[in-house]
Each structure stands twice: as structure tokens, then as C-alpha cells.
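1. coordinates only, no sequence provided:
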């Protein structure tokens, strides 16, 4: 309610997704308005508005009375010069929090409710705790499938949407949780070599030891601007880029920035997140990979089936051709876990080397085959054979090399970290279980994905015979501290179980 | 995992309940650890640990590479000198978030779960968004009554607990929502004059136009330290102090700091909050006032009864003598809304003035009478008459004057704000409805509780006859801007409805 003005000052503090404003405690406006540290204020300048969290400053070097300091992101957002005059007010809570409260009370929300929530989040009107409230209220089974469709549509509409001006834009997505599962780096060259458009963007690892973007970065530049990306895709029919720079479904990114640290992860939000991102990226045909296993994200077949139905329901209503593949998630895919080690596995498959990991090859061919069958000219059931032919003929490898050159080739150094430790079997027998979580955790402690050469290199997989003292896997690290942490964790729990033949974990699905 | 050390530096920024650490972007530890702005870090010095949110600084005036800046609260908490050496690590998420996730998944939590959550919150291991997740997961009907008991006990155990070394320590609490409801300022002197111990601490207004602490502050100092409080209560048997300084059930305060801005307010959390605070304050006998009315917090009798049962169940298991009074919440109590106007009403009742508000007097006598009946020497049903006798004889007024003197008498200025506007009836008839929310909102816009003299002075109550143009209430303000806002809101919606005799809102309960 004040009409007093303050001079804007840029404060050299980076507060990431959160806008912070700094006001000197001696400032007359601070006193008159009864602001409190951490309260949210509305900053207005030339008709542009910004919501910011208030920090109160007692050091005039940072801001003086009469000034309003803004953190770097907030300053940049307002697009004004230092010294510009602004007014500040108490911020009203976002109107759509009424709908969140109705959801907390067990009500069903409408498309309009979700649109308003999504708009308010996109315009940074939600604090982290308001987003947390929304996520918990809509988590678990609190959304029915129509509400999930409304949410996905609202998230999709929150940002830009790419249009490739082609009738068929293919993509694939794995819901995650399986170390070493780098199928995209094989599927993309195979499918692109077939001539289909597959402009794949991927994330970096956040909780896993390597994302596709981290692994591709061993071979090529992945940080491409939109123009580069368009040009590469036009020329090669495919790419393997980092998706972080695009403004696609921004609400998804904002929700994930709360979901991740909270460690909450509902099926509904998974579906909304994946489909809003893929639709925004312009995909028309999509394969979803759901690995099932006792240490996978999805642990039971009934859960996988329920998730499949949700994907299908929302996908059909949003007009994307979508197929779900439920796959074997009992153990890591391939041998390496960590960017360099996984890149090595991928290149072995592409080069048709005899010791290439058979499971990575097989799964990639299945996925690529299903995508190739989206091609109206391919007879049902012929996709796998076409994919295999593309791989075995060397055309996939050639395509990958072209994509790498187009994105910007890197000086390849495939050597894993020099600090190396062998974890060995404590008894004779066969490998009956491999814990995906534990394997990922050891690789992360060893330094992956930050240290590209760090990770775990598996020497035995499910069903393999071992004798006491025989190596199960190698830990690679670059830094002694990380190396010790990873070794200690492996000592506590190697992630491997050894037993009899009949104790070997059976697949939860038939192939 | 780093063993590098940084020098502590105090940064003159007040971040209230949230600890913030500032690290220069050029600092080697920042780069090596892969920290990100807003990630949570663990600061360790001499065995003392602190969790803080990280802000990344590009201005060496604030912190230099090699330094770790700490916001004022964080610096104070660590109790070390500037320049002390600290190490920083990535903070692990609090272990008890596992239990919160189980609750989100619909599981029932144990006493141990709630103890761990409460401990982690008390030790500031929860971020605001983690607290929001906990509140939403345990909100609405998501806690059964046993879980509610566990939560209350855990919150109670999170802080200190007072012991008055007397068998009967009385208290009262209203769940709120009714403007002008200043019964504590009458109940305390009456009950203390009867000789019972009633050490009442109250909050300041947060969303209402006046709290008991704000109103009492017109007459006396309310900001007492624990020693003063003990001495006053020993001498006068009662007090009317601000409760904000005590370390009682601190988890309650921390949860409220998230609940309030989110505007979420479940029955379970209400019960846990009130009972943990009262038990921590050493109360043995407690009256809970639940006003019911269409614009009260509790709108239906069935809701009031359900809430009563919850209070009784938890209270009985935690060994407090607890009685719930369901009261008339159809309209504001008394005439004044705002600190000075409410203090005036209270003093009129204490002085037995003929124009004292009858409803405030009557309700206070009922509450005081019920408390007096906790006295084993008082015959059932005699409390009201004893309370009335204490009030009418002037003993309550004398006791209040003693309490005021003991707490520190103020130069009393009972004049309301000089800017004054009359809101008048638009037609002939009787007052059929008065909206509690609207009356409170107009008083707040006029400046209450920050401006003590601002508020609303009611001239008509439910059932009163009015003629067109006759004043319904006065708006008082001190500042022209506030005055205009309040007048505009009253013009949009006065909060009063005028109609026929038979349209007058009936009480939802019988008295």
C-alpha cells in the first residue's frame, strides 16, 4: 500500500530458482510495511512485476536504506538498470492455492484449476513450500486419471511447443532406475539410419551415476542451442543432446526441483512429467520403457501394468502414438556404470565387438525395432530384424559417427579412473541377485557422474558362476577420498548375492 | 567429503527461521563439491553442526573465496568467532523423511516415527518444503486419533516443559476466528481473584486484527522474561503475557511458520498445536472455546463435536483435565475490533459500566465459571455465580489493576484513530447477519493490529433495529492510505445484512 520508491541495486548473490530481495533494516518502507524476513514481497517497476523472498540486511555495503537489492536472477528478470525506481508491496498468496487447498480437502479439480495452478507456478508465484503442498496433495493416488490428463495438459501449455513440420517424430523414454541402461545411444543412430526423425534430448544424472547427456558428453558436445539442434536434426535425422536449455514444459522442471530433494515420486506425476515434456518437444510417436524388478523403480508386474494404463490413457487423449514396453529390470544393463564406462559399452555394441554386452544390444534392438514399426511402410513384426540389420551392417555406427561430428567431436579418452579396486566373491556359487540401488550408490560415491571416469565395471551378471575370491566388479575412481568411500560402502554391502542355481532371481516378465 | 576448511564470516543478512550460507563462486570447495545454489549443506565446527541453504556469491565484498559467510541467525547458532575454521559437506536429507514418505503413501505412523520427525524438525534439519510435505501428508483426515496423540506427545517433548509446582494450573484457549473475542482479559483476573493459578500467555495477531497480547499491550507490558513472569504469577496468581519468547513446543512454532503462509489448517494439527503448547506451559486444567457459526472457523455443529472428541481423546491420554465449550460464533464479540477498541470493551466490563458489551461479559463469566469449577472446593454449577460475584464486587477489576502494575503499567490512551468514517444502513430493518471475516478484514485494512488505534467499532449487533442511513459501525484509522483501503472494502461489502426479524441468523447452539 506504499507509494514510496526504492532504487534497485544488483546484489552479487546467486539464489538459483528463488528470487531474493534485500532491504536494509533502517529503510523506512521496511518499518512502515511491517515486512518480516522471509515474507514474500511484490516488486513493481514500469508495469513489470516480480515476486521475491525478503531478506533483511544490516550491512549497508550490501544495500543501503532507500535501496532494494535483488539477487542475480531477480535482477536479470526485471530487465532494468541499477538505480531504477521500484515500489514494493506485500505479495498476495497465489489465487490458485485455493484449488490446492480444495485438493488437500479431497476434492476433485477441474482442467481450469490445473491451468491456473500451472500458470501461477510458471510465473514463479509459488514458493517451494507451496509447490511441496501441491505435490503431496496430488501425489500417490490422489489424482484420478482425468485429473492426471488435466495436469499433463496444463503443464504442456505452460511453455513453448516445438513443431518439426513432419508427420512422424519418434522418441523413447525410460522411467529410470536401472544403472547402465544407455539404450538411447543405440536406438537413436539405428532409428535415424532407418530415416525416421528422432531428435532425442536427455537429462543429466541427478540421483543416478550417469544420464544419457553425461555419457554422450564423453563422445560429443551435448550443450547445443536450438538453432544448432535444428540444423543437426535436419541433416542427420537424429541427435543426442542435453535438454536442459529449452523452455519446454517449464512447470515440470520447477516441480522436479521440489520433488527431487523431497524424494517423492508418484506415478501420476511421473506420467505428467514425461508426457508433457515429450509433447512439448514435438514428439508424435513414443516408446516408454518400464523396467520391472525387485530393485527397480517398479517392483511388481501389477504396478507396471497400472502405470502402462495411465500412460496409455493420457497419451491417447493428448494425441500421441504411445507404446509401453515392460522390460527386465532385475539387474544393471551392460557392464559399465558411470559415463566413460557406459560410453565404452555403447561403442562396443555399435562396433559389433564380440565382447559387447549382449543385454544392452538386445534391449536396444527391441526398442529400436518397436520404433521402426511406427513407420507405416514397415510390416508388423519386422522392426527388430531391420534394426539388427542396421546395427550389424555398420550403418548404425556410421550414423553415430556423423551425429558425433555434427554435435562437435571430443578427444575421446575411454580410460576409466586410475584408482582401481576389485570386489571379489566370498564363496563359490552363482550370482543370484544384483542390487541396482547399491551398484548405483557405489558408482556415485566413486565420483560418477561428476568424475566422468569414475564408476563401477561389472565382471559378473545374474546366473554367472563364480569361485571364492574371483572378482565380481571393479571400482574406478579419480580421487582418493571418493575411492575410500566407495570401497567402504562395497565392503559393507557389495550389492551381489551368491547362491545356488535355483536361487537365481527369475525375470518378472517373459521375453 | 572434503577436508578443506573455510574461514567463517558473519554476513549482515537476517534470514529469520532459515539458515543461509554464502560461498564465493571462485571458492575451490564450491567447485570441487559440485554444490548448487539452494542446495543444503552441513557446516561443521568444533563438533557443532549446522544445516544451511547455500547461496553462491559473485561479490568478494560479501564473502571471499576461502570464506564461508553465514546469515545472522546461523552465525549466532554456531557460537564461534569470525575467522574460525569450518568444513562443509553436502547435507543428507533428514532420515525421518522416510516416515513422511510412508505417510504420503497412506501408511500409519508410530510414536517413534513422530518422535524422529519432531526431533529432526526441532534440530532444523527440515527445509520449509519438507515441513510443507509433512503438514499436507498429515493434514485433513490423514491422521487417526492415535497418530494425533503420538504427534502431540512428540511436539510436547520437543522443547522445555514448565512446572509450577502446584496441583492445579488453569488455562483457557479459544480456537479463534471471532473478532473482539477478548475473554482472556476478563477470565484471568476473575479466576486469579478466586485464588486459582492461571499463568496465561497469548500470541500476537497474525491473521486477525488483534490478539490478546496486542490488546493487553495497550494497558501493560507483555514482553516479560521467564523470571519476571514467575515472580508476577507467584504474587498475583495470574498474568497476561506474550508467549513468544518461551522455548515451549518449538516444533509447533516451526510448523505454524509454514502452515500460516500456506493457509492450511487441519483439525488434527489444531489439536496437536494447542495441547502441546498448553502442556508445555505446565497447564493441568484447560477450557477450550470452540465458537460455531457460518463465518466462524467451525461452521457446523457436527464439526464442532468431532473436534471436541479429538481434544478430549488426546487430552485424556496426556493427562490434562480438559473441557470443551462450544460457543456462539455467529458474530463478533463485544463492540470494538482492534487493540485499543477491544481494550476499551474489556475495561468497561471490568468497571461494571452500564454500556459494557453484554455478550463479552456473559461469555467471559461462563468461561471463568467453568474454570472455577475445576476447584475441588466449588460445588458443581456454582462457578458462574462465583465469577459474577467477583466481577460485580470489583475484585476482578482490582486484580486486573494489580496484574497491570506488576507487568508494567502503560500510559493509557484509549482514543481510537482520528480518521473516522461511519458505515450506514442502506435500508430499514433489523441486522440479520454480520460477517466475522469481513469485519476482521476491514479492521486489518484500517491498520490493526500494527496501528493500535485502528479498527472497527460496531454500533449494531444481530437483531438490532436500524433505519435507513443509521450508522452500523465506525472505521477508525491513523493513516490516510489505510483509511481509504478500509473505506473502499466496506463500500464493496459492509459485512452487514439487513432484513426481517425472522431472517435473523439463529444460534447454531442453545445456551
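-> Looks like it arrived, so ask away. Keep in mind that what you see is a predicted model, and the values were worked out from it rather than measured.

2. assess the claim that residue A:215 and residue A:336 are in contact.
-> No. Under the criterion of CB atoms under 8 Å, residue A:215 makes no contact with residue A:336, lying 9.3 Å away. The way it works is simple: take the backbone N, C-alpha and C, and place the C-beta from them, glycine included.

3. tell me which of these two has more neighbours.
-> A count of neighbours by other CB atoms under 10 Å in any protein chain shown puts residue A:336 above the other of residue A:215 and residue A:336, at 33 against 30.

4. where's that one relative to chain B, distance?
-> Going from residue A:336 to chain B by CB to the nearest CB, to the nearest Å gives 21 Å.

5. same thing with residue A:385?
-> Relative to chain B, residue A:385 is positioned 44 Å away (CB to the nearest CB).

6. next to chain B, which bits of the stretch 251-400 of chain A? Give me the list.
-> Counting by CB under 8 Å from any CB of the partner chain, the residues of the stretch 251-400 of chain A close to chain B are A:258, A:261-264.

7. circling back: residues shared between the contacts of residue A:215 and residue A:336?
-> A:342-343 (CB atoms under 8 Å, 6 or more residues apart in numbering or on different chains).

8. could you identify the most distant pair in the residues of the stretch 251-400 of chain A next to chain B?
-> Taking CB to CB as the measure, those span a maximum distance of 10.7 Å, between A:258 and A:263.

9. and the two? Which one has more around it.
-> Using other CB under 10 Å as the criterion, residue A:258 and residue A:263 rank with residue A:258 on top: 27 against 14.

10. before we move on, what SS does the more buried one have?
-> With DSSP: H, G, I helix; E, B strand; the rest coil as the basis, the three-state label of residue A:258 is helix.

11. quick one: contacts for it?
-> Taking CB under 8 Å, 6+ apart, one finds A:128, A:131-132, A:135, B:129 in contact with residue A:258.

12. repeat for residue A:153
-> A:111, A:114, A:318.

13. scan those residues and report the most crowded one.
-> Neighbour counts for the contacts of residue A:153 peak at residue A:114, which has 26 neighbours (criterion: other CB under 10 Å).

14. just the pLDDT for it.
-> Looking at residue A:114, its pLDDT is 98.

15. check which helix or strand it maps to.
-> According to DSSP states H and E, residue A:114 maps onto helix A:111-122.

16. what does residue A:210 give?
-> Counting by DSSP H and E, residue A:210 is part of no helix or strand.

17. okay, which residue is most central for chain A?
-> Among the residues of chain A, residue A:203 comes closest to the average C-alpha position under CA atoms, centre = their mean, at 4.4 Å.

18. re earlier: so the helix holding residue A:114, near chain B or not?
-> No. Using CB under 8 Å from any CB, helix A:111-122 stays clear of chain B, with a minimum separation of 13.6 Å.

19. report the next helix or strand after the helix or strand of chain A with the lowest mean pLDDT in sequence order.
-> When the helices and strands of chain A are scored by mean pLDDT, DSSP states H and E, helix A:28-33 comes last with a mean of 67. Where DSSP H and E defines the elements, the next helix or strand beyond helix A:28-33 is strand A:40-45.

20. ok now that next one, how far from the chain's centre?
-> Distance, stretch centre to chain centre, for strand A:40-45: 32 Å (CA atoms, centre = their mean, to the nearest Å).

21. can you give me the buried ones in it?
-> Using 16 or more other CB atoms under 10 Å in any protein chain shown as the test for burial, strand A:40-45 gives A:40-43, A:45.

22. what's next to the longest helix seen in chain A, contact-wise?
-> Using DSSP state H to define each element, chain A has its longest helix at helix A:301-317. By CB under 8 Å, 6+ apart, the list of residues contacting helix A:301-317 from outside reads A:145, A:148-149, A:152, A:175, A:267-268, A:270-272, A:274-275, A:286, A:288, A:290, A:292, A:298, A:321-322, A:324, A:326, A:508-509.

23. same thing but 6 Å
-> Under the criterion CB atoms under 6 Å, 6 or more residues apart in numbering or on different chains, residues A:145, A:148-149, A:152, A:267, A:271, A:275, A:288, A:290, A:292, A:298, A:322, A:324, A:326, A:508 lie in contact with helix A:301-317.

24. would you show me how to pick out the buried ones of these in PyMOL?
-> Typed into PyMOL, the next command selects the buried ones out of the contacts of helix A:301-317 (criterion: 16+ other CB under 10 Å):
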select buried, chain A and resi 148+149+152+267+271+275+288+290+292+298+322+324+326+508
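
25. among the contacts of helix A:301-317, which are located in helices?
-> Per DSSP H, those map to helices at A:145, A:148-149, A:152, A:267, A:271, A:275.

26. what two of those residues are the furthest from one another?
-> Greatest spatial distance in the ones in helices among the contacts of helix A:301-317: A:149 and A:267, 13.8 Å, computed using CB to CB.

27. for residue B:59, state which of the residues of the stretch 251-400 of chain A next to chain B is nearest.
-> For these, the nearest to residue B:59 is residue A:261 (26.7 Å; CB to CB).
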